[in-house]
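>>> sharing a model that was predicted from the sequence below.
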Amino acid sequence: MLNKELKGLSETKTSGLPPVHTWSPPFCGDMNMVIKANGEWFHEGGKINRPAMVTMFSRILWFEEGEYFLVTPVEKVRIQVEDAPFLVTGWQWVETSAGRAIEFITQTEDVLILGVDCDIWLEKFQNEERPYVSMRYGMKALVNRNVFYGIADCLEQVVTAEGSGMGVISAGKSYLLMKDE
């Protein structure tokens, strides 16, 4: 299951994602795969230690009606995700046509530009407020603590539709992260 269709996907980068949004394979059941809340991937109880394998699986991840699936043109298997399936592990400031912007890099080599292809927000998970960025197909990525602390050093006063307070401006778009009281 999911073997021949995955061949070659390990070479795929974000810009060359397979067209999973065009695939409508039949549901084939559940796979014993879990993406933990800390971003680690497990298969049949064992941690997947090969980053290339995690990246390969992430390229065929699909989110539908609150559930996660690995899909190929011929198969669709459900997996479990405790929180967010992706983890932002790096960031840097870059210049874009829309101005200075934050570039995020995930553990699966996805590259996202805040204000261009993703947004950032805070949300509760198990009574802890955590930062997330939007990802493809309605999925999200947890922003790793060290990345968020790095961004926190760049906070400035912003005003958004949600109110005013401290946040970041990226690609000309303001993000409120700490609301004034």
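Noted; the coordinates are in hand.
>>> tell me which element the spatially most central residue of the chain falls in.
Nearest to the geometric centre of the chain sits Ala141, at 2.9 Å (C-alpha atoms, centre = their mean). Element membership of Ala141, judged by DSSP states H and E, is strand 140-143.
>>> and the contacts of the helix or strand following that strand?
Going down the chain from strand 140-143, the next helix or strand is helix 145-152, by DSSP H and E. The contact list for helix 145-152, computed with C-beta atoms under 8 Å, 6 or more residues apart in numbering, reads 88-91, 102, 104, 131, 143, 168, 177. To be clear about C-beta, it is placed using only N, CA and C from the backbone, and glycine gets the same treatment.
>>> contacting residues for Gln80?
Counting by C-beta under 8 Å, 6+ apart, Gln80 has contacts 33-35, 68.
>>> and these, which two are furthest apart?
Val34 and Tyr68 (10.0 Å; C-beta to C-beta).
>>> and for the two, which residues touch both?
Any residue near both Val34 and Tyr68 by C-beta under 8 Å, 6+ apart counts here, and that gives 79-81.
>>> ok, of these, which one's closest to Asp117?
Ranked by distance to Asp117 (C-beta to C-beta), these are led by Val81 at 20.9 Å.
>>> was I right about that closest one contacting Leu70?
No: counting by C-beta atoms under 8 Å, Val81 does not reach Leu70; the two are 11.2 Å apart.
>>> pick out whichever of the two has more residues nearby.
Leu70 (23 against 18; other C-beta atoms under 10 Å).
>>> okay, now the domains of the chain?
4-81, 86-179 (automatic domain parsing).
>>> sweet, I'm off.
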